Every structure is written in C-alpha cells, then in structure tokens.
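Colleague: Attaching a predicted model along with its sequence, questions to come.
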Amino acid sequence: MRQRAQHGFTLIELAVVTAVIGLLVAGAVTGIGALRVNTKIKETQAVLDRAEVTLQTFLARNGRLPCPADPTLTPDAADYGREHFAASGTSCHALRRIGASGVSWGVLPFTGLGVPARELVDGWDDQIYYLVVTSATAPGSLGNGAWARDDGVNEVELWDKADEDATLPARRQLTNRGVVALISGGANRHGAFTLDGEQWPLPPVGALAERDNQDADLFLVATGYSEDPDAPFDDIVRVLTEDDLVQPLAAQGEVRGKGALTLARIERLVELIYGHAITRAEDPDGGGPRTVSRTIPLLDNFIDGVYDGERDLSLAGAGTLEAGRFPYAYMGLPAAEAADAWGNGIVYEATQYATGSSLAGGDTDEGIFGANLLGVDGILFRLTSWGPDGAAGGGDDIVVTHTLGQALGRLNASGVTLD
C-alpha cells in the first residue's frame, strides 16, 4: 500500500496566520471600543436633552432658572446637589460667580431640580458642568430683566476654536447671548467631577479647547474630536439661548414670552391712559356736554435723565410728539409695571394737545379740542418697548400707537363727548 505523505504548516505560514489573526482581533477590539464610545456619547446627548427639559420645567414653575450646585460636595453633605445660594437665599453664592462676569458656574443641582443624581450624569457617570447667566436666576426674572446681552460679560459664548488657537482660519463664534451651558468632560473625563465630589485631572497644556471649557470663564469651545494625546478634545457642549428655553414653553402655553408680557403691560397702560382721561373729563367752558379737559397724563421727564415716575410739566411743542417715560408714580403704579419684560422703561410719547397743556391760553383749549390741528387720523400718543436689545430701532421694538380718532371712539363709548 502506498503511504500518503503528510505536510504540516511551515514557520512562515504560521507566522502569516498569526499576524492575520492578530490584525482581525485588533480591529475587532478597536471597533468594540469605538462602538462603546459612540454609545456613551448617545447616552450623554440623551442626558443633555433630559437636563434641558428639566430646566424648562423648573423655569415654568419658578419663573427663574436655578443656581448651580457646588461640584465638590460629597453625598453626605447637607447641600449636596442643591442650588448654591448666598446667605440671603435668593441669589447665587459669590463662589459660583465667574470673575467679574454676570455668569455663574458649577454642576446641575439635581436635588434642587427634583431629579435622581444618576439621571443627570453623562455616559461616564460624571456630573454635568452647568453655566448660567446669573440674572436669569433672580426671582421673577422670567418676566423682568434681560437674561443675556451681547457684551462679553452677561452671556455665554460658544466658539469653534480656543481663544489661544492661532491657526488659520481664524476662530468663529457659533453662539452668543447664551443663557445656559451644559458640558460633559467626555471619555477622557478631563476636569469632570464625579458624584463623590472628586475631580479628574485637568486637560494637558496643549488641549487648548478643553482647557477653555474648564477654566471657569464664559467662552466655551465645540470643535472636532481628537485623540491626540497632547491636544485631545472630546467634550460635549450645549449652549442654550433664552429663546431655546422659553419658546417651547410659550408654544405649549406653559409661560408667556417676554414679547407677549410686554404687549400686555403696554395694553394695561393704554387702559390707564383712557381711564385717567375719563375720570378727569369736565366742561371748562360750561356751555354744553362735558369736554375732555385732560385726556392723558403729562409726560415724565426722561430727556434729562430724571426718572422719578412723576409728571414733567416743562415739555412744550403743541403739534409734536414729546418723548418721555410713563409717569408710573403719578398713576399709582410700581416702576416695574411701566417697564417692559426686559427691564427697560416703556417709552411714552404724546402730543401736547393730548396732555392738557393750554394751546391758546384758555381753559377751553385744553386736552382734545374739536378744532384740534391733528385731525382725526393724527397720532395722539404712542407707547414703545425697545425690545430685547434695549436700544431704539433694530427691528425688535414693540410699538402701540393711538390716533385722535381711536381716542374719540373710546371716550365717546364711555359717555365723554365734545362740545
């Protein structure tokens, strides 16, 4: 019988097979690692979504945003996960303030938000950094005062490069007037705080973008992912503006936006103006039906910077609109009721025909007079909010105008007629 020859693998063949298996295993391990990181990133994005909704719920219930919590506290501390207040209990603690800016920093106050700690940690079980414009945490701030201004002090800014990154092209601003920032330290966990109050090592010196997110200032960076050991970046950053937070609530009817609040205040001032005119209607010449002697309150003095809520009797110019601020004190209102929801006084303009100023030296010519040179369609008074930018013009002003014809209609409907 013939014997069949048997051949084994040569050393070279074994080496090749081993190398191939090694490459396959390495690729599989790398793929599994990347898959795990991507899963953690998705988990973190879901947590940021949850944090955003939680902040909106807090805002709808309290009319303000929460102060940050102290990230260094341990679970056995009394204030663990709670807002870090000043002694007054109504403002954020000075330790949370970023330098001389109007922004506070810390971590999400999960206990104060009524959420279990584990629901507001990132995919690596670290706490979420939380920056907030301090004015937005004041009581009643939802309806009074601007939250963020484009001034590099009272806002959170997001850029695509670090401040010290001089590479071209030059860095670009992605978001300004941010009110809230939520930051995860990512997979490398640089600078992040654990739930036990321990902080991971800070980013290396070359990690300019990560260091910008960890140096407790209001300029943040969101840039491309990098595994470079000398200049890594894997932070997950989300910056929210006032509109991002408020508009969804306003659309659901949970809160009123500042524009709607301002318009409602202006309409209330309009009602007060006409109410004042009706209660002061008289017949100075005694020759017939009651004449509207004084239709609207005289202007407060805004022009020379004196704003005390009283009337200014010095304005002149019978046929022109005189600009001032609504005389809230004279009308028995708190100052806030004569200001828009961004905290700026509502501008009040009226003709001297309408303010009770004598046109011809006689009482019969006061107020709205039958021979008024304005005509029925002339502007009698106007109320203006300068909008979120706090400056006249710019396309965001809210203006309500009333003509002589509108005023006569309102007054006649209330039983006040003209001679």
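Modeller: Cool, got the structure.

Colleague: Show me which residues of stretch 333-353 are buried.
Modeller: Neighbour-count burial for stretch 333-353, with 16 or more other C-beta atoms under 10 Å as criterion, is recorded at 333, 336, 338-353. C-beta here means a position set from N, CA and C on the backbone, and glycine is covered the same way.

Colleague: what about the stretch 251-400 of the chain, any weak spots by pLDDT?
Modeller: Applying pLDDT under 70 to the stretch 251-400 of the chain flags the ranges 280-296, 298, 301-306, 313-320, 352-377.

Colleague: For this structure, which segments count as strands?
Modeller: 103-107, 129-133, 156-159, 173-184, 219-221, 236-241, 321-325, 347-351, 379-385, 398-403 (DSSP state E).

Colleague: Is it possible to get JSON lines of those strands that adds distance to residue 87?
Modeller: Shown next, in JSON lines, are these (distance: least, C-beta to C-beta, whole Å):
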{"stretch": "strand 103-107", "distance to residue 87": "16"}
{"stretch": "strand 129-133", "distance to residue 87": "20"}
{"stretch": "strand 156-159", "distance to residue 87": "26"}
{"stretch": "strand 173-184", "distance to residue 87": "25"}
{"stretch": "strand 219-221", "distance to residue 87": "30"}
{"stretch": "strand 236-241", "distance to residue 87": "29"}
{"stretch": "strand 321-325", "distance to residue 87": "35"}
{"stretch": "strand 347-351", "distance to residue 87": "38"}
{"stretch": "strand 379-385", "distance to residue 87": "35"}
{"stretch": "strand 398-403", "distance to residue 87": "38"}
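
Colleague: Minimum distance to residue 230: which of the ones you listed has it?
Modeller: Closest approach to residue 230 among the strands of the chain is made by strand 219-221 (16.7 Å; C-beta to C-beta).

Colleague: tell me the mean pLDDT for the closest one?
Modeller: Mean per-residue pLDDT for strand 219-221: 96.

Colleague: now stretch 135-143
Modeller: Mean predicted lDDT for stretch 135-143 stands at 92.

Colleague: and that stretch, how far apart are its ends?
Modeller: Stretch 135-143 stretches 12 Å from its first residue to its last (C-alpha to C-alpha, to the nearest Å).

Colleague: Name the surrounding residues that touch it.
Modeller: Contacts to stretch 135-143, defined as C-beta atoms under 8 Å, 6 or more residues apart in numbering, come from residues 59, 63-67, 90-92, 102, 104, 145-148, 154, 179-180, 242, 246, 255-256, 258, 261, 341.

Colleague: which of those are buried?
Modeller: Listed as buried from the contacts of stretch 135-143 are 59, 64-67, 91-92, 102, 104, 145-148, 154, 179-180, 242, 246, 255-256, 258, 261, 341; burial here means 16+ other C-beta under 10 Å.

Colleague: Next step: those residues restricted to helices.
Modeller: In helices, judged by DSSP state H, the following of the buried ones among the contacts of stretch 135-143 are found: 59, 242, 246, 258, 261.

Colleague: Adding distance to residue 79, write those residues out as a markdown table.
Modeller: What follows is those, written out as a markdown table (distance: C-beta to C-beta, whole Å):
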| residue | distance to residue 79 |
| --- | --- |
| 59 | 22 |
| 242 | 28 |
| 246 | 28 |
| 258 | 32 |
| 261 | 33 |
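
Colleague: And residue 331, how far from residue 272?
Modeller: For residue 331, the distance to residue 272 (C-beta to C-beta, to the nearest Å) stands at 6 Å.

Colleague: what's the answer for residue 89, then?
Modeller: Taking C-beta to C-beta, one finds residue 89 at 35 Å from residue 272.

Colleague: next one: residue 107
Modeller: 46 Å.

Colleague: So between these two, which is more surrounded?
Modeller: Neighbour count, other C-beta atoms under 10 Å: between residue 107 and residue 272, residue 107 has more, with 26 against 19.

Colleague: Tell me how far that one lies from residue 342.
Modeller: On the measure of C-beta to C-beta, residue 107 and residue 342 end up 29 Å apart.
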